[in-house]
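Engineer: next one to model:
(chains A and B)
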Amino acid sequence: MTDQTHLMPNAHAKSNAQTSRPTRSRAPFSLDRLPGAVTGWLLSLPLALVLAFFLVLPIIMIVIVSFWGATEFSIYPAFQFDNYEFLLTSPVTYQVFLNTIKYAVITWAITLVIGFTVAYFLAFHVRSLTWQIVLFLLCTIPFWTSNIIRMISWIPFLGRNGIANSALISMGVIDEPLEWLLFSDFSVILAFVHLYTLFMVVPIFNTMMRIDKSLIEAAYDNGATGFQTLTNVIIPLTKPGIMIGSIFVVTLVMGDFITVRFMSGSQKANVGRLISNDIALLQYPSAAATAVILLVTVLIVISVLLRFVDIRKEL
Amino acid sequence: MTQKLDKTGVSRRNVLKGGAAVAGTAIGSGAITGFPTIWAQNIKDVTLRQFGTGVSNLNEVAQKVKEDLGFTLEMTALDSDAVTQRAATQPDSFDIADIEYWICKKVWPTGNLQAMDVSKIKNYDKIVGIFKSGKLTPESDIAQGTAPHTVGFVESPGSKTFADEETGWMTLIPTIYNADTLGIRPDLIGRPIESWTELLNPEFKGKASILDISSIGIMDAAMVCEAMGEIQYGDKGNMTREEIDKTMAIFTEAKKNGQFRAFWKTFDESVNLMSSGEVVIQSMWSPAITAVKSRGIPCVYQPLKEGYRSWGGGIGLSKSLSGLELDAAYEYINWYLEGWVGGFLMRQGYYSAVPETSKEYMSENEWGYWFEGKEATDAITNPFGDVMAKAGETRDGGSFYDRMGAVACWNAVMDENQYMVRKWNEFIAA
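Structural biologist: Sure, this is the predicted structure:
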């Protein structure tokens, strides 16, 4: 992702440079006098600096602090492996990472199915562009409220005396309220799916819209069934969108802590909650160490995902 | 001098900082008595930044300060963890820290707070014994945990360790305290609740809750384990590793058996859990009970035979306060103990550090209900106009002496705090 953003101003610059070529001789100083490579570097410099300062530097700081020591109320510079040692030898860490990955995988699978279906419907079943836009905007309406509100509004709905339970009881489906609806893995994943499906819909819809319709006609002319067209034409061509959506969903779920806290009634833990607990208790080095391990885990997951698709080529 | 500079347009803070050296020595030598009158014109320009937990950071107090004392008090309310964090790491971000005594134990060694000279506190002699000798009445026993008097004094202004007895230097001026117990929904339980053991009674499986603030939650857990007879603690407020392990083992097993519906961390969460009926018995704070009741839902702050878990808060001064602002802070403290705030807090169910001064700001009915544990002769309303009790009702737990006399332990920070926190995290993740 970072590399792409680097490239963009570069590309813009080139086209600008071309259009301004006639004035070259008159300008006292023009970027065109410099060799192309230097121009490219100069133009990407501002963004590179911004990223270095606000992204790379903080990450380096986190890595450094993760080796520091902490007392009850302060942190002190040191180079020790205590934080990692405690983290990597505690069974709770593995349990919590496993739980985090579980949430990520399940949420990913569900959002993928829903996201793909919705995008497919929008891109191939809705014929007019106007309706496509209208329906697409409809999907974004819930995003006009804060995601915490969207999440918390599930609580009265799913509660013991909530709307879901009272409806089911009055319909005679159940006699006793279902306890597992709220403050459980179910409610956590439900909230995740609700919050993040759109992140899957948008990139998939985007790539689907770019599929040349004549390819589908060609498949049809060659006698492919609808299902064969889906698996042999549409899915392979939608892969970049699926990958981008997957990266969004996986990183969002793995980095989350507030959804897990509220929807599980603080009964379940993921890595984000470990970090937030540490921060609350002033154990910054330990929080930093956990953050580093989480970062490494997420990067591994993403690099595996990128193995499947070369996003830069596909875009 | 300061006035002249003011006119030339130098900013107030610079003036104060400039004058701080002079003023600081004057204050240090105790020669300050004449100063406030000279500075009285300037005091209205002073802004003091106070932060603390939500309970006593009330806008009404800030308004009244402006009216009575003339200076501005800016309030920031945070949760206990954030308060600790800020007091420990950002000493320049506040002038007055409104913190709990157990937080003081954690934060004082950082040197971010300055000790207060009790000779400048007018009502010092009237402060309740709990905060001075540790004894409510001369006959009372001292409860376990971080009892306020154990962290209430230091030997000298610069000292980072606590004194064992009253000295002339106080770390926090006590402002607000209460005795906590379990909250229950009598309508959904339908039988008397008398002991802390009921929190883990399988009868309430999936309907119990405990708060997820480790240093307070562990105390509630200890009250339960001790009441069950499972563990005999040397000091619940300062457990050994084995005691922590055993306590967490009992609670982890209960959690795995589905005893708890949820854990709560903020006041509002506890109110919602209780009023929605998700939970029928849980650790709770006094104003949360009131909030549930004010929705018309029956809720009792159940006194239990093993006693209360108590907490207390106080005001501490930032080490960077000096000069006119330090003076203003002392005036603020004296005003705090004069009674208006006490009455304001007591009418919400808390206790004031100097109850007798608050009496003047309460009606006889209110004093009788809140402090003496008498039947209300008329409707009791809180300062915001909500009806807290009807005529004929008495306060859960009775009088001040009944309630504060039955405190079994204080909120605490243990020597094994880091170990406890890790174990608590494991419990939450289990």
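Engineer: what's downstream of the helix or strand A:T111 falls within, the next helix or strand?
Structural biologist: Using DSSP states H and E, A:T111 sits in helix A:91-120. Next along the chain after helix A:91-120, taking DSSP H and E as the criterion, comes helix A:129-140.
Engineer: contacts for that following helix?
Structural biologist: Contact with helix A:129-140 is made by A:V118, A:L122, A:A123, A:V126, A:L198, A:V201, A:F205, as judged by Cβ atoms under 8 Å, 6 or more residues apart in numbering or on different chains. To be clear about C-beta, it is placed using only N, CA and C from the backbone, and glycine gets the same treatment.
Engineer: any chance of those residues in TSV with pLDDT and neighbour count as columns?
Structural biologist: Shown next, in TSV, are the contacts of helix A:129-140 (pLDDT from 0 to 100; neighbours: other Cβ atoms under 10 Å in any protein chain shown):
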residue	pLDDT	neighbour count
A:V118	94	19
A:L122	93	21
A:A123	92	20
A:V126	89	15
A:L198	92	21
A:V201	94	23
A:F205	94	24
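Engineer: what does the stretch 51-200 of chain B put close to chain A?
Structural biologist: Contact residues (Cβ under 8 Å from any Cβ of the partner chain) of the stretch 51-200 of chain B with chain A: B:D81, B:A82, B:T84, B:Q85, B:A88, B:T89, B:K106, B:V107, B:P109, B:T110.
Engineer: ok, the first one touching A:L281?
Structural biologist: It refers to B:D81. Yes: between B:D81 and A:L281 there is a contact under Cβ atoms under 8 Å: 6.7 Å.
Engineer: which one of the two has more residues nearby?
Structural biologist: A:L281 (24 against 19; other Cβ atoms under 10 Å in any protein chain shown).
Engineer: residues contacting that one?
Structural biologist: A:L281 touches B:D81, B:S214, B:V421, counting by Cβ under 8 Å, 6+ apart.
Engineer: apply 10 Å and report the result again.
Structural biologist: Listed by Cβ atoms under 10 Å, 6 or more residues apart in numbering or on different chains, the contact set of A:L281 reads A:70, A:72, A:287, B:81, B:84-85, B:106, B:214-215, B:417-418, B:421-422, B:424-425.
Engineer: among those, which ones are in helices?
Structural biologist: Residues from those lying in helices, with DSSP state H as the criterion: A:287, B:81, B:84-85, B:106, B:214-215, B:417-418, B:421-422, B:424-425.
Engineer: pull the number of nearby residues for residue 134.
Structural biologist: Picked chain A for this. With other Cβ under 10 Å as criterion, A:V134 counts 11.
Engineer: meant chain B, my bad for not saying
Structural biologist: If you count neighbours by other Cβ under 10 Å, B:G134 ends up with 18.
Engineer: which strand or helix spans it?
Structural biologist: Following DSSP H and E, one finds B:G134 outside all helices and strands.
Engineer: my read: it touches B:G145, true?
Structural biologist: No: the criterion here is Cβ atoms under 10 Å, and B:G134 misses it with B:G145 at 11.1 Å.
Engineer: okay, and the common contacts of the two?
Structural biologist: Joint contacts of B:G134 and B:G145 (Cβ under 10 Å, 6+ apart) are B:W410.
Engineer: wait, A:P91 sits on B:E426?
Structural biologist: Yes: using Cβ under 10 Å, A:P91 is in contact with B:E426, at 8.4 Å.
Engineer: and those two? which has more neighbours close in?
Structural biologist: Taking other Cβ under 10 Å, A:P91 and B:E426 do not tie; B:E426 has more neighbours (18 against 9).
Engineer: for the more buried one, what are its contacts?
Structural biologist: A:S90, A:P91, A:V92, A:T93, A:Q95, A:V96, A:A269, B:M248, B:T252.
Engineer: who touches the residue of chain A found nearest chain B in this structure?
Structural biologist: Closest residue of chain A to chain B, Cβ to the nearest Cβ: A:G265 (2.4 Å). When contacts are counted by Cβ under 10 Å, 6+ apart, A:G265 touches A:155, A:182-184, A:187-188, B:209, B:212, B:260-264, B:269, B:273, B:278-279.
Engineer: and what about it, helix, strand or coil?
Structural biologist: Look at A:G265: counting by DSSP: H, G, I helix; E, B strand; the rest coil, its state is coil.
Engineer: for it, give me phi and psi.
Structural biologist: With angles defined as degrees, to the nearest 10, A:G265 sits at phi 60, psi 40.
Engineer: A:G272 against A:T100, yeah?
Structural biologist: Yes: if you go by Cβ under 10 Å, A:G272 and A:T100 touch, sitting 7.7 Å apart.
Engineer: who touches both of the two?
Structural biologist: Common contact partners of A:G272 and A:T100 (Cβ under 10 Å, 6+ apart): A:V253, A:M254, A:G255, A:D256, A:F257, A:V260, A:L294.
Engineer: which ones among those residues lie within helices?
Structural biologist: Per DSSP H, those map to helices at A:V253, A:M254, A:G255, A:V260, A:L294.
Engineer: those residues: which two are farthest apart?
Structural biologist: Farthest-apart pair in those is A:V260 and A:L294; separation 13.6 Å (Cβ to Cβ).
Engineer: more neighbours: the two, which one.
Structural biologist: The residue with more neighbours, out of A:V260 and A:L294, is A:V260; 25 against 19, by other Cβ under 10 Å.
Engineer: let me know how buried the closest residue to the more buried one other than its chain neighbours is, in neighbour terms.
Structural biologist: With sequence-adjacent residues excluded and distances taken as Cβ to Cβ, 6 or more residues apart in numbering or on different chains, A:V260 is closest to A:N270, at 4.9 Å. A count of nearby residues for A:N270, using other Cβ under 10 Å, gives 28.
Engineer: if we can go back for a sec, neighbour-wise, which one of the residues of the stretch 51-200 of chain B next to chain A leads?
Structural biologist: Counting by other Cβ under 10 Å, top hit in these: B:V107 with 28 neighbours.
Engineer: give the contact list for that one.
Structural biologist: Contacts for B:V107 (Cβ under 10 Å, 6+ apart) come out as A:72-73, A:282, B:83-89, B:91, B:97, B:99, B:113, B:151, B:171, B:316, B:413.
Engineer: returning to what we had before: filter the contacts of B:E426 down to the buried ones.
Structural biologist: Neighbour-count burial (16 or more other Cβ atoms under 10 Å in any protein chain shown) applied to the contacts of B:E426 gives A:S90, A:V92, A:T93, A:V96, A:A269, B:M248, B:T252.
Engineer: please tell me I have it right and the last one contacts B:K423.
Structural biologist: Yes: taking contacts as Cβ under 10 Å, B:T252 lies within contact range of B:K423: 9.2 Å.
Engineer: point out where the stretch 1-150 of chain B drops to low pLDDT.
Structural biologist: For the stretch 1-150 of chain B, the stretches flagged by pLDDT under 70 are B:1-41, B:54.
Engineer: domain ranges for chain B, per the record?
Structural biologist: B:45-178+B:311-357, B:182-306+B:399-429 (automatic domain parsing).
Engineer: for the shortest one, what is the distance to the chain centroid?
Structural biologist: Taking the mean C-alpha point of domain B:182-306+B:399-429 and that of its whole chain, the gap between them comes to 18 Å (Cα atoms, centre = their mean, to the nearest Å).
Engineer: ok, stretch A:117-137 next?
Structural biologist: Centroid separation for stretch A:117-137 versus its chain: 23 Å, with Cα atoms, centre = their mean.
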